[in-house]
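K.L.:
predicted structure and sequence below. I'll ask about it afterward.
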Amino acid sequence: MEARMSGYLVLARKYRSTTFDEVVGQEPIAQTLKNAISSGRVAHAYLFAGTRGVGKTTMARILAKALNCLSSDGPTLTPCNKCEACIAIGRGDDIDVAEIDGASNRGIEEIRQLRANAIFAPARCRFKIYYIDEVHQITREAFNALLKTLEEPPPHVKFIFATTETEKIPATILSRCQRFDFRNIPTRKIADHMQALCKAEGIEAEDDAVFRLARSANGSMRDGLSLLEQLLSSGHRVTDAEVVRILGVPPEERVGSMLNAIAQGDTPAALGELDSLLQGGVALNSVVGALGDSFRNLMLAAACGIDSEIIELSETQKTTLAPLTKKFSTPLLVGALGILAKLSYNIRGSSLARPLVEAAIVRLAEAEKFVDPQSLIQRLQDIADCADGPEAEKKKPVGRPTVATESAPRPQQIQSPAAPAAPAATEVPEVQAAQPPAVSRQPLSTTEKQKMHEDPVVREVLSLFGGEIIDIRRCETHPVAGPTDEPTQ
Ligand SMILES: [Zn+2]
């Protein structure tokens, strides 16, 4: 057991990419560096920018080996990974390749020492390479000292800076570096790498499980591998059930049935699902997160199709999601995301967290009972425009936005008094600038007038503001519509 444990602890290190061609997820950068080496145009200073665990240190070591490999007469695209220099650089302790942590060596003294040392020729390699990680942490005076070396670097010195916060680096330093932005690694690539690694270790791993792990790594290979190690320390197989348990996320099928209940307007069933998830030990914010993920995927599926690459789901998960895509209208999906975004913020540290989540579920399941505030504001504006008539319309600039958020009534105030205190969907798409409405003199039929009288929005406005209908006129631009602008299924 001891041996297995320690074996897993070095998983990330054991499978670190050792050549440009092995680098996962940063192929364009690897290619550019290869081009620089083969054309003999390697810069004096590089800046590797990107979030943690995306391969900055790995790339720096590969570049250092490519420049310094002893098995080759000069810089090479394919370092041997066998010579003393390659091995020491791979370990991060070569005498000519210094790996410096910017956070703990941030002062002027450390940088002065570095400068004094940089003057001397390398001990055995072609180049002296300084890799400073988290370089944004070093002090301003230290940056100034560093700048002097960057302005006139000795020909045998190369700098590689890495940072997660580029904006904290002085412009004078940035302008002397060739910059590479490391992207977050796509989930599919992390998953494939993890699966290959499991195979190499002789570990059986379910595809769904690996994909779920990869997704929770949020683009960081290191985070993904560390989750995998955590999982392997408790068993020899990687199953989806175990991943679900470790991550504390609600199982898909349960989220699926909650979404189904919401789609069918079955509020008791949706709330029942929430209750049983919470009873089962899933945290409230994980449920909200899972709902948010699902609504996002449904929205993307509605916009780009279920097979779009933007949707990061395993095949099994896509199969679960597919039937749900037909059950929600796009405006409802967009509105749901607004509600959930607000919800996840509001429940932090709130003693009413659970009631807020329940209210949101009620609001989603009974969406047709709630007037979408934005469309209500729009329609109020339309009514006002029509009431003003064509004379007033002429005085107004053409194409002005119909909704001025400053002067518009607050969405919360317009909501039905009977509505639970669910967060309103304020994050709805911007309202298009409207053409001035054309008022027709053609009188309305009795049926049309009746329809206006019965319109829930009109009735709501009348009850809220205590008004009465004096006259109804036809507005060609905004014909009589249904209860809300949301097509409901
Ligand atoms: Zn070598």
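P.N.:
Thanks, I have it.

K.L.:
in the stretch 1-150 of the chain, which spans are strands?
P.N.:
45-49, 97-101, 128-133 (DSSP state E, counting those that start in this stretch).

K.L.:
mind checking the ones you listed for the one nearest to residue 178?
P.N.:
strand 45-49 (5.2 Å; Cβ to Cβ). Any C-beta I mention is one placed from the backbone N, CA and C, and that applies to glycine too.

K.L.:
mean pLDDT for the strands of the stretch 1-150 of the chain - can I get that in a markdown table?
P.N.:
Shown next, in a markdown table, are those (pLDDT from 0 to 100):
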| stretch | mean pLDDT |
| --- | --- |
| strand 45-49 | 97 |
| strand 97-101 | 95 |
| strand 128-133 | 96 |
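
K.L.:
okay if I get the ones you listed as TSV plus distance to residue 308 and mean neighbour count?
P.N.:
Formatted as TSV, the strands of the stretch 1-150 of the chain follow (distance: least, Cβ to Cβ, whole Å; neighbours: other Cβ atoms under 10 Å):
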stretch	distance to residue 308	mean neighbour count
strand 45-49	28	23
strand 97-101	40	19
strand 128-133	36	23
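
K.L.:
got those as TSV, with distance to residue 221 columns?
P.N.:
Shown next, in TSV, are those (distance: least, Cβ to Cβ, whole Å):
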stretch	distance to residue 221
strand 45-49	14
strand 97-101	19
strand 128-133	16
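
K.L.:
output those strands as CSV; include the columns distance to the ion.
P.N.:
Shown next, in CSV, are these (distance: least, Cβ to the ion, whole Å):
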stretch, distance to the ion
strand 45-49, 20
strand 97-101, 12
strand 128-133, 14
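
K.L.:
so which of those strands is nearest residue 348?
P.N.:
Closest among these, using Cβ to Cβ: strand 45-49, at 30.0 Å.

K.L.:
tell me the contacts of the closest residue to residue 87 other than its chain neighbours?
P.N.:
Closest residue in space to residue 87, ignoring its immediate chain neighbours: residue 81 at 7.5 Å, by Cβ to Cβ, 6 or more residues apart in numbering. By Cβ atoms under 8 Å, 6 or more residues apart in numbering, the contact list for residue 81 reads 18-19, 65, 87, 90.

K.L.:
of all those, which two lie farthest apart?
P.N.:
19 and 87 (14.1 Å).

K.L.:
how does this protein divide into domains?
P.N.:
Per automatic domain parsing, the structural domains of the chain span 26-181, 187-247, 252-369, 373-465.

K.L.:
mean confidence score for the shortest one?
P.N.:
Average pLDDT, domain 187-247: 89.

K.L.:
residue of the stretch 101-250 of the chain nearest the ion, please.
P.N.:
Closest residue of the stretch 101-250 of the chain to the ion, Cβ to the ion: residue 125 (9.9 Å).

K.L.:
which ones are touching residue 135?
P.N.:
Counted by Cβ under 8 Å, 6+ apart, residue 135 has contacts 47, 102, 161-163, 169.

K.L.:
farthest pair within these?
P.N.:
That would be 47 and 102, which, of those, are the farthest apart (Cβ to Cβ) at 12.2 Å.

K.L.:
does residue 274 touch residue 362 like I think?
P.N.:
No: with contact defined as Cβ atoms under 8 Å, residue 274 does not reach residue 362; the gap is 10.4 Å.

K.L.:
which of the contacts of residue 135 has the most neighbours?
P.N.:
residue 161 (29 neighbours; other Cβ atoms under 10 Å).

K.L.:
per-residue pLDDT, the closest residue to it other than its chain neighbours?
P.N.:
Spatial nearest neighbour of residue 161, chain neighbours left out: residue 135 (4.0 Å); criterion: Cβ to Cβ, 6+ apart. What the model reports as pLDDT for residue 135 is 95.

K.L.:
measure residue 135 to residue 380 for me?
P.N.:
55 Å (Cβ to Cβ, to the nearest Å).

K.L.:
any idea how many residues pack against the spatially closest residue to residue 314 that is not a sequence neighbour?
P.N.:
Computed as Cβ to Cβ, 6+ apart, the closest residue to residue 314 that is not its neighbour in sequence is residue 211, at 4.1 Å. Residues lying near residue 211 (other Cβ under 10 Å) number 25.

K.L.:
on that earlier part again, residue 453 is nearest to which of the strands of the stretch 1-150 of the chain?
P.N.:
Of the strands of the stretch 1-150 of the chain, the one closest to residue 453 (Cβ to Cβ) turns out to be strand 45-49, at 61.9 Å.

K.L.:
so what does the closest one touch, helix or strand wise?
P.N.:
helix 56-68, strand 157-163, strand 178-181 (3 or more Cβ pairs under 8 Å, 6 or more residues apart in numbering; DSSP states H and E).

K.L.:
export those to CSV and tack on distance to the ion and mean pLDDT?
P.N.:
Shown next, in CSV, are the helices and strands packed on strand 45-49 (distance: least, Cβ to the ion, whole Å; pLDDT from 0 to 100):
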stretch, distance to the ion, mean pLDDT
helix 56-68, 6, 96
strand 157-163, 17, 96
strand 178-181, 23, 97
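
K.L.:
any idea how far the residue nearest the centre of the chain lies from residue 321?
P.N.:
Centroid check for the chain by Cα atoms, centre = their mean gives residue 218 as the closest residue, at 7.6 Å. Residue 218 is 20 Å from residue 321, where distance means Cβ to Cβ.

K.L.:
related to what we said a few turns ago, would you single out the least confident of the domains of the chain?
P.N.:
Across the domains of the chain, domain 373-465 gives the lowest mean pLDDT, at a mean of 57.

K.L.:
ok, residue 220 to residue 456 distance?
P.N.:
49 Å.

K.L.:
more neighbours: which of these two?
P.N.:
More crowded of residue 220 and residue 456, by other Cβ under 10 Å: residue 220, with 19 against 14.

K.L.:
for the more buried one, what are its contacts?
P.N.:
51-54, 184-185.
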